[in-house]
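Participant: Give me a 3D structure for the following:
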Amino acid sequence: MTFPEKLFKPRSYTHQDYLQWQGDWELINGYPYAMAPSPKRTHQWFGKTFIKKVELLIETACSKCKCQAYYELDWVINKDTVVRPDCSVVCDGSKEDFITKPPVMIVEISSLSTKLHDRNIKFKLYEMRGVKYYIIADTDKKNVLAFELVKGKYKPKKDNLFTLDKKCKIDFDIYSLWESM
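Facilitator: Sure, this is the predicted structure:
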């Protein structure tokens, strides 16, 4: 490492470091991101409503399905990348205290302070890691953008059909969730 690299290269952290930190953090490629303070009311409302609705749809449409919906459960991608999606749907049947495989669906509930991070860094990260559905809910505009992974790239999703696994397909109008607020 050259002298300028020593001066300007930030320290790289790992999942083991992350486990020791106080407060709420995410770790992407060894770089820590401090999470915002407690979410606003609309953020919490959308997360709660999404979880309740998707769990009901999974239970009624997919009785043999192992899919579960979670609110703010860490996804340990590798030793230097840990994220905490606002909501996720996992179908691997795991009982660990954190997610280790790509969720089938992730929801990030954006605000002014997280919008760029959600639409750029997390968009690319989730796309690269094979998250089938990525949903961004905008608390300011009260709208939803949904993307589906097609041939390794996210494409806008226009319909309401989500195939969570071979045994579980749901018809979920996520675009209308704001209407019940």
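
Participant: For this structure, just list every one of the strands.
Facilitator: 25-28, 31-34, 68-71, 75-78, 81-83, 87-90, 105-110, 133-138, 143-150, 153-156, 161-165, 168-171 (DSSP state E).

Participant: Can you name every helix or strand that the longest one contacts?
Facilitator: In terms of contacts (3 or more C-beta pairs under 8 Å, 6 or more residues apart in numbering; DSSP states H and E), strand 143-150 is packed against strand 133-138, strand 153-156. Where you see a C-beta, it was placed from the backbone N, CA and C, and this is true even at glycine.

Participant: Please identify the most buried of these.
Facilitator: Mean neighbour counts were compared across the helices and strands packed on strand 143-150 using mean count of other C-beta atoms under 10 Å; the top stretch is strand 133-138, at a mean of 23.

Participant: now the angle between strand 143-150 and that one, please.
Facilitator: Angle of strand 133-138 versus strand 143-150, following axes from the mean of the first three to the mean of the last three C-alpha atoms, to 10 degrees, is 160 degrees.

Participant: can you give me the offset of strand 133-138 from its chain's centre?
Facilitator: 8 Å (C-alpha atoms, centre = their mean, to the nearest Å).

Participant: cool, and stretch 137-150?
Facilitator: Distance, centroid of stretch 137-150 to centroid of chain: 12 Å (C-alpha atoms, centre = their mean).

Participant: Grab the nearest non-local neighbour of T14.
Facilitator: Leaving aside its sequence neighbours, T14 sits nearest to K79 (C-beta to C-beta, 6 or more residues apart in numbering; 4.8 Å).

Participant: The one you found: neighbour count?
Facilitator: Neighbours of K79 under the rule other C-beta atoms under 10 Å: 14.

Participant: distance of it from G93?
Facilitator: K79 sits 24 Å away from G93, going by C-beta to C-beta, to the nearest Å.

Participant: cool, P103 as well?
Facilitator: 13 Å.

Participant: quick one: which of these two has more around it?
Facilitator: P103 (28 against 10).
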